[in-house]
Structures are given as structure tokens and as C-alpha cells.
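S.K.: My questions concern the predicted model and sequence given below.
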Amino acid sequence: MKSALFTAGILAATAVAMPAQADKLDDIIASGTLRCAVVLDFPPMGSRDESNNPIGFDVDYCNDLAAALGVSAEIVETTFPERIPSLMSGRVDVAVASTSDTLERAKTVGFSIPYYAFENAVVAREGIEMASWEDMKGKTVGATAGTYEAIWLEGKVKEWGEGQFRPYQNQADVFLALSQGQLDATVATVEVSEANVKSGNFGGIKIVDKAPMVPDYVALITLREEYGLINYMNLFINQQVRTGRYAELYKKWVGEGEPADLTIPGVYR
Amino acid sequence: MFDTALSTNDLIFLAKGAGMTLIVTAISVFFGTILGIIFGVFRYQVGPWWAAPLTFVLDIFRSIPLLIQLVLANAFVTTVLGYRISGFAIACGVLSLYTAAYCAEIVRGGIEAVPQTLRRAARSLGMTWGQDMTSIVLPLATRVALPSWIGLALGVMKDSALVYIVQVVELLKSTQILITRLQEPLFLLMICGLFYFLISFPIARFGGYLEKRWSND
Amino acid sequence: MFNYTFRWNQALNSLPQMLEGALVTMEIAILSMVIGISIAILLTLFRLSRNPLLVGIAATWVEIARNTPALFQIYMVHFGLAGFGIHLSPYLSLLIGIAFNNAGYLTENFRGALKAIPDTQTRAARSLGMTPLQAFRNVIMPQMLRISFLPMTNQMVWAILMTSLGAVVAMNTDLYGVTSELNARTFRTFELFAIAAVIFYLITKVITLSARLLAARLFRY
């Protein structure tokens, strides 16, 4: 009797001292839903079909991740400037939103290993004389606020000391402004640029040159302290490449050819 | 007449956005008005000195851009306090307080417009404060306040276009989503603007009519 | 109590940039008011002219400005006008958008003020040999501006608050634009916008107080 009471006491004490520490990975599996932030004005990574349902590389990637976890996926549309705030506010669990793994962002959120790598292209409107990316000097240029390209481009404009930089709220507004002639040129990922030039939605734009940036490695993001989930996502990305799903998605959304190499020679991780 | 790729599906999508605009507006105006009446009566009853803290707080809602109010409320509740709450709830909460801040002014103005002598007469007839408020002040103050209140409600509907910032897909946001896909900015924006106009214009006209009619006697 | 770590010093480091943005915000608000008042006076004249075309222009302007969201108006100035080949910089788009909105609301305020000025004054001025325009400029307009001084102050506050909508047209030098660009880079959302809110509050207070002082000086008699 006495020992039973003692055991009960110990149990009660540990229950108070150590509340069950379910992390986000547990929460997702328990809730049965994985909420992904995806940017939907960023074809071919994310866009909408005729019935305004989300489609694209990132949408499929989120669905795959949900399937691996054995839960259903919920796509939450977000814009580039809003993806990290929506993660921080707990409105989504992860962002599958082509997020470049910058050190500045890593102060706030946790990155997985890269799941895709972009190259960036310089897109100009027709009628603008441009032979290479350096001809952007002195022109009115713009990009989507808060993106890797935008930060690079704004830095260049400051360095050149002439011309103007304009940060639009979403990718669609950038291309709209470009085709209307409000901008002379922009920098966007090769995939997005090609998709937009090909679709003919935006008239009078052409790809001029590749932007001289190191490949833009993008990763999945979640809260900084969710190591369990980050570990899971790292393995998941590895498996996507290993099983050939990565190449399959590339072919489906981006086109023929080899998908970008996700390893960086000469360094770990 | 219009050569457009806009399909029935897209119109339904737009209609959903419009519905969201109207729902957010209705909820905010409803709660904002109730709060506004409470605050307005309170401010009038206790006098400027005791109402100063409330006046100060309400004034903040009228001195800071709504966009910043929404961003701050969202960041505070979800990120700092860590509550899981939908953008819709944040939008309705902020817009309600925003409405209340303006409504309190309107209510106070309405009550002040009722002649003091009339109210003293009512009280000297033996009416209680409650009777005085409901039978004398309410009908007279409503006449003064209703046109401004209609203006406020319409203002809130137009301002609700800003709730896109907390991920609520209302009319303007759904228009932008369609623009992204269809690339017909002018045409789609016209539809969006027309919708706001068609709701706002007749009601504003009605408010103007009431104002004119009631100010003559 | 909070799981959140505030990083105020990181946000406060950006204060000089934000204050520069506040100057741009005030500049746009003041310019948009000057333009708005000028246009509103013109539209009021249109209204009084009895020429159906001019009356129609004034009525259309006022109704569009008052019955659609300001965000929509600014977006239209930038992307809508570009459809007709008119390209405006973010600064001009925002300025013109707000001025358009100001003019619409102020014209309506002036209409209310005119009702308070007896018709006999115009007639008296006319019988003194003034042209209709002279009568308006010398007799009616000063009173109209005086009566609508309070609504004009309110509109000025609105103009300051409306500058926050410039982000949709890629405006990045005003207070809101600077703040949201800093936020896109550092994600200290709460800290940055709290500072911006305080600055906005101070600007509106300074403007309303100086308007009150100005009114006391102008309308002493």
C-alpha cells in the first residue's frame, strides 16, 4: 500500500515535471493534416489550373511529403514576403515555397537540405537594347519583394549608383509591370521566366541572359526548433532523389533535361 | 462583346471572394457597432476626464494605418502569444475594434446633438435614465447618427480590401489571383471595382437621402 | 510567459531608415492634400457651372473616389493607366492615387459647406459688379474652406494613413514601404511594425495639433 502510494507519487511528480513533449512532427501525424505554404503565382513551381485549384512542382512536393507522413495535405496560398510570417504565426506547418537558404533567414527559421536549385535569368521587355546582364545598369528594374533575386538586384542597383529598383508584392505584378513597360528588366528564375515567356500571357518580354549569381539553392522550411521535422524532411528529400521522383517531377513541370544537382562539391551538406 | 478567357468557374471564384468581403464587413460592423455604442455612451456619461484612457485607446485605432493594425495584431497573437487562430478571426477582430473606434465618435456626437433641455424635461417628468435614453435620446440621436453610420459601414467594406494581408481571400485578392492566371488586369479590375461600386453607391445615396430628409424638419 | 524572443535592438538599428521613410510619407500626404484641395475647388466650380458635361465629370469623380477602395484606386493608377501607355513611377502612382481620393471626398465636404453659405451672398457680390468667378473666389471660397477646415484635417490624417497602401505599387521609400522591406529581410515583424505604428501615431498627432494651431491663427476673428 505504502509503496503503491509512493509509486503513484513518483508518477504524479514526473507527470508534472515532464509534460508530454510532442513536437511538430507528432502534431502533424496526430492531426492528420500537413499544412504547406505554397506560392501560387510562381509557375511552374506553383500556380492554379482552370478551376483555380493549386498545381505545380511545389504542390506535388507537398503532396508527396504528406503521403510519406501518412496524412493529407492542405495547400495554403502565400506570397513571397508572407511565407515566413505565415510559418511563424503557426498558420502552416512547413513552407514548400522555393525558399532560398540564406543565412539571414536561418536566424529565424529552420532549413532542410536543398530540394531544388534555380538558376536566374535576366528578362527584359522587347525594344530595350540589352546584350548581357550588365546592361541593367541605369535601367528601371524590379523583382518580387523579399526574394533572393530581389535582394541581389537591389544590391547591384545600389552598387551601380544609377537606375531604379522596385519591389513588387508578387511575381505576377513584376511580369505585368514588365510587359506594360513600367520596368525595363527583371531577374527571375529561369524556370519561371521560360514558363512566362512561353505562355504568352505577358506580351513583349524576352530572356536576355543568365544572371551571374551562384545557383539559388532552395529548401523546405519550418520552425527553427523543430529538429525532428527537419530531420524527417532531410531524409525525405534524399529519398525523393534516390527513388527518381525528383527527376519525374522535374520532367512533369519543368521539361526535358537533367534536374539540377543538389550537392555542392567540396563541402559537407 | 468582351473577348475574355473568364469562365463560369472564375466568376464563382470571384463571387466567393465577394461573399468573403461581405461576411467580414457584416461581422465587423455588427460587433463594432455594439462596442461603439457602449464606448460612446460610456464616454458621454463619465465625461472627458474619466473617459480619457478609453479615448486614448480608441484614438490609436484612428491614427495608425489599418494595414499596420492587421499586421501587428496578427504578429502579436500568433507569433508572440503563440495562439493558433485563423486570419479570418484576426481580420474580424481588428476590423470590429476599428469600426468601434469610429462608431463611438458618431454615437457621442449623436447624443450630444440631443438638446439638454429636452432631456431635463424628460427626467423631470419622472423618466428614469434608461427611459430617457431609450425613448428620448435613441430616436433623436439615431436621426443624427444614422447617415454617418451608413458612411462608416461602407468605409469598413472598402477597407476590408486590406485583410488580404492576413491571408483572407476577399474580393480584391481573388481578383489578383485571377489576374495572375488570366493576365487580363484591366478587365478583371473593372469587374472588381464595379462590384464595390454597385454595393456602395446605392447605399451611400440612400444615406444622403436620409440625411437630407431628416435635416429639413 | 512568451515563447517569443524580442529583438528590439535589431529593429531599432533601422530607426534612421524608418525616420527617412516617415519624411517621404509626410511629403506625399502634404502634396496629395495640396493637389486634392486644388482639384476639389475645381470640381466644386464644375458642379456649380450647370454645364452638364462638367457636372458629369465632377459627379463621376466624386462617386468613384467615394465608392471604391483606396487600394483599388492606387492599383488602378499604376497598372490600369499603364494599359493606356501611361507609365507612372511608384511615387507618382501613390501620390496621384491619394490625391484622386482626397479630391473626391473634399468635393463632397465642400458641397456640405456651401449649403451653410446663404445664396444671398453670391447675389450681393454679383450686384456689386463681380463676375461669378470673382464672387466665388472672393466671397464664397474663403468661407467654404473655413467651414470645411475640420473635415480637411480629417482627410489629411486619412492621406497619411493611405500612404501605407503604396506597397502594392512597389513603393519602397515611404514609412510603410521601408518597414515592409526591412521585414522581408529580417522577419522581426512585430518589433518593426510596432515602431512604425508609433511613428505613424506621432505624425498624425503632429499634423492634427498643427492644424488646430493653424485654425486658431487663421480664424481668430
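M.R.: Structure's in. What do you need? Residues are numbered from 1 along each chain as shown, chains lettered A, B, ... in the order given.

S.K.: Looks to me like residue A:111 is in a strand.
M.R.: Yes - according to DSSP: H, G, I helix; E, B strand; the rest coil, residue A:111 belongs to a strand.

S.K.: Next one, pLDDT for it please.
M.R.: Looking at residue A:111, its pLDDT reads 96.

S.K.: Make sure it is actually in contact with residue A:219.
M.R.: Yes - at 4.3 Å, residue A:111 counts as touching residue A:219 under the criterion of CB atoms under 8 Å. C-beta: built from backbone N, CA, C; applies to glycine.

S.K.: Looking at those two, which has the bigger crowd around it?
M.R.: Ranked by neighbour count (other CB atoms under 10 Å in any protein chain shown), residue A:111 and residue A:219 place residue A:219 first, with 25 against 22.

S.K.: Which parts of the stretch 151-269 of chain A are helices?
M.R.: For the stretch 151-269 of chain A, helices defined by DSSP state H, counting those that start in this stretch occupy the ranges A:171-180, A:190-199, A:227-242, A:245-253.

S.K.: Quick one: name the residues of the stretch 151-269 of chain A near chain C.
M.R.: Selection of the stretch 151-269 of chain A residues close to chain C by CB under 8 Å from any CB of the partner chain yields A:151, A:164-169, A:173, A:176-177, A:180-182.

S.K.: before we move on, back to that, what residues are shared contacts of residue A:111 and residue A:219?
M.R.: A:99, A:101 (CB atoms under 8 Å, 6 or more residues apart in numbering or on different chains).

S.K.: In three-state terms, label residue A:73 for me.
M.R.: At residue A:73 the chain is in strand, as set by three-state DSSP.

S.K.: Tell me who's in contact with it.
M.R.: Residue A:73 neighbours (CB under 8 Å, 6+ apart): A:33, A:34, A:36, A:62, A:63, A:65, A:66, A:67.

S.K.: same thing but at 10 Å, please
M.R.: A:33-36, A:38, A:54, A:59-67, A:96 (CB atoms under 10 Å, 6 or more residues apart in numbering or on different chains).

S.K.: One more: residue B:115?
M.R.: Contacts of residue B:115 by CB under 10 Å, 6+ apart are B:121, B:136, B:140.

S.K.: secondary structure element for the first one?
M.R.: Using DSSP states H and E, residue B:121 falls within helix B:116-124.

S.K.: Which of the three states applies to residue A:121?
M.R.: The three-state label given to residue A:121 by three-state DSSP is strand.

S.K.: Name the residues of chain B found near chain A, please.
M.R.: Contact residues, chain B versus chain A (CB under 10 Å from any CB of the partner chain): B:5, B:7, B:9-10, B:12-14, B:16, B:71, B:74-80, B:82-87, B:90, B:164-167, B:169, B:173-174, B:176-185.

S.K.: try it again with 8 Å
M.R.: B:7, B:9-10, B:13, B:74-75, B:78-79, B:82-84, B:86-87, B:165, B:167, B:169, B:176-183, B:185.

S.K.: Number of residues surrounding the residue nearest to residue C:171 when sequence neighbours are not counted?
M.R.: Using CB to CB, 6 or more residues apart in numbering or on different chains and skipping residues adjacent in sequence, the residue nearest residue C:171 is residue C:90, 4.0 Å away. Using other CB under 10 Å, residue C:90 has 26 neighbouring residues.

S.K.: Surely residue B:16 is in a strand?
M.R.: No - membership of residue B:16 in a strand is not supported by three-state DSSP, which gives helix.
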